Structure formats: structure tokens, C-alpha cells
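1. return a 3D structure for these sequence lines:
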Amino acid sequence: MRPPFISFPFMLLALVGLFLSLVVLFILVQVGLVTVAFGKLGLSAGQAFLILLATLFGSGVNLPLFRTGRVVRVPAGPRHMFMDRNGSIQVSPQEMELVDQVVAVNVGGCVIPCLLCVLFLGQVGPSVGLGLALASVCAVCYALARPIPGRGIGVPMLVPPLVAALAAIIFAPEGHGPQVAYIAGCMGILLGADVLHLVDRRFGELLDAPLLSIGGAGTFDGIFVTGIIAVLLA
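-> As a prediction, the model looks like this:
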């Protein structure tokens, strides 16, 4: 069993960013934006804040699943600056090394949203409307997903929530709009942007990142924003 990857390369910057993020999240909850969104899903303000904290901390933890069998080039270490004989500052060449490419799941961007989707699915139950909404978001995310050099797969941040909200308005059974919007938005990105492309060998050859994280990298922000905006608009 391989240990989880914890991707905080600059601890000081990470701590500063974490503190600022906590302040922003606290303000958002107090103002009511996130509270209203999760309130539509049947969660209290305290539960919403705990979920946001867990999502934030979990965004830096990736649980490895398997190796793809590909080997990719990554920087072997930092580049160094030095002064040559003429007094000019030079930068040493970047040394590269080969590492195995690993597929993982991001705790904040995949595990937690999936658990919430299971919870909300238990509340509303499966339906044709939910399936159509999920298929709509999945198809759009699959079409819009693009490889991000060195990071993984990315999707435009604002398109999925708009599609999820519209699909929920059209297809969701009466009274189930927020839950359908959240499930369709989050699972649509995870399946359409990440999973379906990771099993596509032709697309996989375009991915040069050493760690392909489902729900991480370029899709984490999209999943988080989609879950909030889609519920607010539904």
C-alpha cells in the first residue's frame, strides 16, 4: 500500500494561503452565500463550514490508485543561479529525471464530493431526470476538458455550473433541484473531465504530469465552484 502524496511544496506559502483561505471561507459563510447553497441541500451553517474546511485540507492530499505504465520527465531539483567570470548572472541547466506516472484520487476534489453526492442521492433517489442532468454535464465537460502541461486535466470554471443549473431546472423532479444540480455538477466533472479521459489512451498520451489526480489539479476549482453555483442557480 503506497502512502498518500501530500502536495505542499512550499510550506510557508501554503500556511499563509491556508490562513487567508480560512478567513475568506469564514466571511463567505457569515455573509450567507455558501450557507444558502448548502441550506438548500439541507445542511446547517456549521455543517457547511466543516465541509469547506475538510475540502480545503483534503485538496492537498492525493490517494494513489495505480501506475499507468508510462514514464514521464520531471525536474530533478531546483535550478541554481551563479555569476560567471564576466560578472553576469547565469542560471544552471534544468536537470530532468524519469518517474512513473501515477493515477490518484484527490480527497477534497473527489472523495468528499462523492460522499456528499451519495448522501443527496439517498435523499432524492435515482430518477430519469437526474440521469439526464448528469449526462448533460458529463458530455459538456468531456468536450471542454483539455490537458494542462505538467498538471493534468482542466475545464473552464464557469461553464459546468451553468449547465448543471440549467439541466436541473429542466430535468429535476419537483423539489429536488438543488440536489440534482449538485450531483450532476460534481459527478459530471469527475466523470466527463477526468475519468473518461483517463481511460482514453489517445488522450492519456497528451498528459505529461507525473501525478494524474481525479478531482485535483485543473478540476478541483471547477468541482468546488460548480457545486456552490449550481445549487444557488437551481
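
2. so where do the helices sit in this protein?
-> Secondary structure of the chain (DSSP state H): helices at 11-31, 33-40, 45-58, 112-124, 128-144, 159-171, 177-189, 196-198, 201-204, 220-233.

3. okay, now the closest residue in space to Ile183 that isn't next to it in sequence: neighbour count?
-> Nearest residue to Ile183, sequence neighbours excluded (CB to CB, 6 or more residues apart in numbering): Cys117, at 4.8 Å. Every residue, glycine included, has its C-beta placed from N, CA and C. Counted with other CB atoms under 10 Å, the neighbours of Cys117 add up to 20.

4. go on, Phe224?
-> 22.

5. surely it is in contact with Gly58?
-> No - with contact defined as CB atoms under 8 Å, Phe224 does not count as touching Gly58 (10.9 Å).

6. could you find the closest non-adjacent residue to Val107?
-> Gly58 (3.3 Å).

7. I figured that neighbour hits Pro113, correct?
-> No - applying CB under 8 Å, one finds Gly58 not in contact with Pro113, separated by 9.9 Å.

8. between these two, tell me which one has more neighbours.
-> Counted by other CB under 10 Å, Gly58 and Pro113 do not tie: Pro113 has more neighbours, with 27 against 21.

9. right, and the more buried one touches Val225 too?
-> No - contact criterion CB under 8 Å: Pro113 and Val225 do not qualify, at 11.8 Å.

10. quick revisit: who are the contact partners of the residue nearest to Ile183?
-> By CB atoms under 8 Å, 6 or more residues apart in numbering, the residues touching Cys117 are 182-183, 186-187.

11. before we move on, what about Cys186?
-> Residues in contact with Cys186 (CB under 8 Å, 6+ apart) are 113-114, 116-117, 223, 226-227.
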